[in-house]
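Trainee: Using only what follows, build the 3D model:
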Amino acid sequence: MDGHDGDNSKQSTADMTVFVQNLLQQMQTRFQTMSESVISKIDEMGNRIDELEQSINDLRGEMGQDGAPSPSASLKPKEEPKTTDDSA
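Mentor: Presented below is the predicted three-dimensional model:
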């Protein structure tokens, strides 16, 4: 052993450390970008839902049904009475 193996080992460890640090930085940057994108889309969806609720309320007001139940509630089928059939 001539002492150069120790230097190569230290250089290899330093190179690996730099590589891992760069990789972690890239992953953190990508994660941050994805997080911002998801949050932006959630905010946009929330705004669209708010607009939809306002449009529905406007339509209900125009139809004069502010206090009336929704039309879908009156269109629900009635439950048929349950009977026991012992002949099966």
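Trainee: By residue count, tell me the biggest helix in the chain.
Mentor: Assignment by DSSP state H gives helix 4-63 as the longest helix of the chain.
Trainee: Who are the packing partners of that helix?
Mentor: Here helix 4-63 touches no other helix or strand, going by 3 or more C-beta pairs under 8 Å, 6 or more residues apart in numbering; DSSP states H and E. In this view, the C-beta of every residue, glycine as well, is placed from N, C-alpha and C.
Trainee: avg pLDDT for that helix?
Mentor: Helix 4-63 carries an average pLDDT of 94.
Trainee: oh, and call the first residue 8 from now on, that's how I've got it
Mentor: Taking 8 as the first residue, the last one we looked at is helix 11-70.
Trainee: how much space between Q61 and M70?
Mentor: Q61 sits at a distance of 15 Å from M70 (criterion: C-beta to C-beta, to the nearest Å).
Trainee: Please disregard the earlier target; I meant S62.
Mentor: Separation of S62 from M70 (C-beta to C-beta) stands at 13 Å.
Trainee: what's the neighbour count on R67?
Mentor: A count of nearby residues for R67, using other C-beta atoms under 10 Å, gives 14.
Trainee: again, but for N15
Mentor: 9.
Trainee: do S16 as well
Mentor: Neighbours of S16 under the rule other C-beta under 10 Å: 10.
Trainee: Any figure for the gap between it and Q28?
Mentor: 19 Å.
Trainee: just S19 next, same as before
Mentor: Going from S19 to Q28 by C-beta to C-beta gives 15 Å.
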